[in-house]
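Asks: I'd like to go over a predicted model; first the sequence, then the structure.
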Amino acid sequence: MGMEVVISLPLILFSIILGFGCYFLGKAKGRKEAFANVQVFGVPTPPPGSGEGFSSPPPPHKKPDNSANV
């Protein structure tokens, strides 16, 4: 004895239309937010008025040689 599940055609069409509507509205909102909050990746610039231009990065840290302690 199995159960019969009846889904009407208007429910199917409504679900498809709702899905497409959410997809396109979300896509438009995402594009609007992406253009409003432009992210720039790179070397940060010094604050205005600091008088410093671009300088070379600090030298890399070097681990001290402790071979004499062995």
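Replies: The structure has been received and is ready for your questions. Residues are numbered from 1 along each chain as shown.
Asks: When you work out contacts or count neighbours from here on, use the C-alpha atoms and nothing else.
Replies: Noted.
Asks: what about the chain, any weak spots by pLDDT?
Replies: Counting by pLDDT under 70, the chain contains low-confidence ranges at 1, 50-58, 70.
Asks: wait, what's in contact with Ile17?
Replies: If you count contacts by CA atoms under 8 Å, 6 or more residues apart in numbering, Ile17 has none.
Asks: Just say helix, strand or coil for it.
Replies: Secondary structure for Ile17, judged by DSSP: H, G, I helix; E, B strand; the rest coil, is helix.
Asks: and what of Cys22?
Replies: Classification of Cys22 using three-state DSSP returns helix.
Asks: what's the spacing between it and Val40?
Replies: 29 Å (CA to CA, to the nearest Å).
Asks: just Leu25 next, same as before
Replies: 26 Å.
Asks: Looking at the two, which one has more neighbours?
Replies: Leu25 (10 against 7; other CA atoms under 10 Å).
Asks: gap between that one and Phe35?
Replies: From Leu25 to Phe35 the distance is 16 Å (CA to CA).
Asks: and what of Val5?
Replies: 46 Å.
Asks: For Val5, give me phi and psi.
Replies: The phi/psi pair for Val5 (degrees, to the nearest 10) reads phi -100, psi 120.
Asks: should've said Phe41
Replies: phi -100, psi 130.
Asks: what number of residues lie near it?
Replies: Neighbours of Phe41 (other CA under 10 Å): 6.
Asks: what does Lys27 give?
Replies: The burial count for Lys27: 12, using other CA under 10 Å.
Asks: do the same with His61
Replies: Count around His61 with other CA under 10 Å applied: 6.
Asks: Distance of it relative to Pro10?
Replies: Counting by CA to CA, the gap from His61 to Pro10 is 68 Å.
Asks: just Gly19 next, same as before
Replies: 14 Å.
Asks: ok, now Ile16?
Replies: For Ile16 relative to Pro10 (CA to CA), the value is 10 Å.
Asks: what's the answer for Val38, then?
Replies: 42 Å.
Asks: what do you get for Glu4?
Replies: 18 Å.
Asks: Compare those two (neighbour count), which wins?
Replies: Pro10 (9 against 6).
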